[in-house]
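>>> Turn this into a model:
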Amino acid sequence: MCGIVGIVSSEPVNQQIYDSLLLLQHRGQDSTGIATLEGDFFHMVKAKGQVREAYRTRDMRQLQGTVGLGHVRYATRGDASREEEAQPFYVGAPYGIILVHNGNLTNTRELTAELYNVDRRHLNTHSDTELLLNVLANELQSNIAGLSLDEDQIFDAVSRVYERVEGSYASIALIAGYGLLAFRDPFGIRPLVLGKRTGKTGRDEWVVASESLVLESGGYEIVRDVRPGEAILITPDGAMTSRMCAQTSELVPCAFEYIYLARPDSVLSGISVYDARLRLGESLAETVAREIPTGDIDVVMPIPDSGRPSAMQMAQKLGIPYREGFFKNHYVGRTFIMPGQAVRKRSVRQKLNAMSTEFAGKNVLLVDDSIVRGTTSKEIVEMARAAGARSVTFASAAPPVLFPHVYGINMPTRTELIAHNRTNDEVNAAIGSDRLVFQTVEGMNSAIMGGQSEVTRLEQSCFTGEYIAGNIDEEYLAWVEATQES
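From the prediction side, this is the model:
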């Protein structure tokens with residue numbers, strides 16, 4: 001999971017991209033990068049850490065140009081500690097290309113061998129983004145007829161990228177002299193939204209970003225989502241063309257975007273994230289009412305922030321008072337996307353504080369967006385008990401996470417998933433709660449996709465083990481686990 005943005009404007013884009021990355025900071029905190037295109041020249045700054053600490057005034061002065069892109073990184077492949085792994089990535093031929101990518105390629109072994117042995121291209125990192133960039137560059141170079149590119153050649157090259165690359169990818173590239181290219185994998189697993197506004201000079205200005213809140217904040221009209229298998233080309237003067245480049249495509253967005261990853265004020269694939277979380281709470285309330293006696297529950301409490309909409313709706317549905325018992329320090333990052341169990345465990349205590357007056361002597365029902373590794377959940381249950389709770393019931397707005405996620409979320413190994421090969425009672429004992437209730441897969445699907453017809457299927461492999469993109473089998477999962485442990 002990462003956050004990406006690309007802008008074509010009639011004014012300098014450095015500040016616009018910086019502001020956009022601040023809005024996408026929740027999607028990645030490991031590193032960040034901005035690149036701009038000024039005529040035929042690129043300017044690029046990237047650094048470890050969060051957006052506010054990464055850029056200085058001298059950096060912003062360097063980032064000249066009216067076309068640019070930006071990235072915030074949450075590492076799922078490569079070494080998060082190496083600044084060289086930060087995006088964007090650059091290649092000098094053909095013409096010069098800079099690229100950012102949100103997602104995870106699943107045929108990296110095959111692509112690496114092809115690039116070295118067939119395409120004769122050098123890779124300097126373990127990042128699958130560098131792989132994707134070099135595949136695109138190679139297909140562009142092999143398709144050039146004459147001294148210059150035209151849009152047909154660019155779209156034909158993207159078509160061949162789709163033939164070679166497997167997995168999830170929402171990507172934005174700058175091609176020196178030609179403008180901005182955006183494309184999305186044939187299943188649309190990771191989000192990418194297109195927006196437009198009229199600039200001060202009267203010409204069209206464009207943005208593509210991971211979430212719609214970037215568009216709304218910048219005064220852009222939401223045109224639509226970039227379609228699965230589609231490429232969009234925007235020239236520096238604001239002319240936009242698009243083409244369906246994949247042979248087949250189907251919109252199957254990631255369920256975890258709606259459960260946890262995206263900000264609640266975003267709309268992805270026509271579905272309001274906030275409304276989806278409210279409906280998840282309604283569905284979870286029905287499951288809670290079926291599985292446990294609710295008469296002895298005194299209060300419903302959310303684990304802030306992503307569990308709040310579901311908890312509010314659940315409390316209303318069950319007719320139980322809603323209370324805020326945990327208070328969040330927003331200056332600590334999201335624990336789910338922090339590397340290492342020890343760091344996550346320490347950060348839970350730094351991030352959340354339990355107010356004893358809300359817990360003392362009460363039977364509490366805690367609602368969180370999901371339970372993945374169980375580290376956060378166990379700490380939270382202990383904090384509730386220490387604050388005086390008589391009993392703690394834990395409810396997850398997501399189903400149990402049983403399988404690795406290979407499409408851009410850091411759940412790579414089965415051994416780290418607390419629900420893998422465990423019963424509900426065993427998970428309950430592991431996190432220390434008195435009772436535990438999970439959302440059902442059917443309830444999740446109906447909640448997220450309710451009230452619309454565009455999305456009819458969700459990418460939900462971490463709940464069901466059904467992988468829609470790439471050749472994901474036991475050998476592949478074992479290889480991923482071995483590379484994580486080495």
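
>>> Next SSE downstream of the lowest-mean-pLDDT helix or strand in the chain?
Every helix and strand of the chain was ranked by mean pLDDT, DSSP states H and E. The lowest is helix 341-351, at a mean of 60. Reading on from helix 341-351 to the C-terminus, the next helix or strand found by DSSP states H and E is strand 352-354.

>>> Check which helices and strands that following strand sits against.
strand 326-328, helix 375-386 (3 or more C-beta pairs under 8 Å, 6 or more residues apart in numbering; DSSP states H and E). Backbone N, C-alpha and C define where each C-beta goes, glycine included.

>>> Mind checking those for the one nearest to residue 161?
Across those, residue 161 has its closest neighbour in helix 375-386 (37.6 Å, C-beta to C-beta).

>>> Buried residues in the closest one, which are they?
375-385 (16 or more other C-beta atoms under 10 Å).

>>> what pairs with the helix or strand just after it, and is each one parallel or antiparallel?
The first helix or strand that comes after helix 375-386 along the chain, using DSSP H and E, is strand 391-396. Sheet pairing for strand 391-396, assigned by DSSP bridges, gives strand 363-368 (parallel), strand 435-438 (parallel).

>>> ok, residues contacting the helix or strand just after the shortest one?
The element immediately downstream of strand 435-438 (helix or strand, assigned by DSSP H and E) is helix 441-449. When contacts are taken as C-beta atoms under 8 Å, 6 or more residues apart in numbering, the neighbours of helix 441-449 outside the stretch itself are 255, 258-259, 271, 276, 279-280, 282-284, 286-287, 398-399, 455-456, 458, 460, 463-464.

>>> Among the residues you listed, name the buried ones.
Taking 16+ other C-beta under 10 Å as the criterion, what is buried in the contacts of helix 441-449 is 255, 258-259, 271, 276, 279-280, 282-284, 287, 398-399, 455, 458, 460, 463.

>>> Please flag which of those sit within strands.
Of these, the ones assigned to strands by DSSP state E are residue 271.

>>> Reformat the strands paired with strand 391-396 as TSV; add distance to residue 417 and mean neighbour count.
Below are these laid out as TSV (distance: least, C-beta to C-beta, whole Å; neighbours: other C-beta atoms under 10 Å):
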stretch	distance to residue 417	mean neighbour count
strand 363-368	15	24
strand 435-438	13	22
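
>>> Nearest to residue 317, out of those?
It's strand 363-368; of those, that one is closest to residue 317 (C-beta to C-beta) at 11.6 Å.

>>> Point out where the protein drops to low pLDDT.
76-82, 145-146, 330-347, 349, 485-486 (pLDDT under 70).

>>> Could you check the angle the longest helix along it makes with strand 391-396?
Identified as the longest helix of the chain according to DSSP state H is helix 273-291. Angle, helix 273-291 to strand 391-396, by axes from the mean of the first three to the mean of the last three C-alpha atoms, to 10 degrees: 130 degrees.

>>> and after helix 273-291, which helix or strand comes next?
Counting by DSSP H and E, the next helix or strand C-terminal to helix 273-291 is strand 299-302.

>>> so what does that next one touch, helix or strand wise?
So strand 299-302, by 3+ C-beta pairs under 8 Å, 6+ apart, packs with helix 308-318, strand 363-368.
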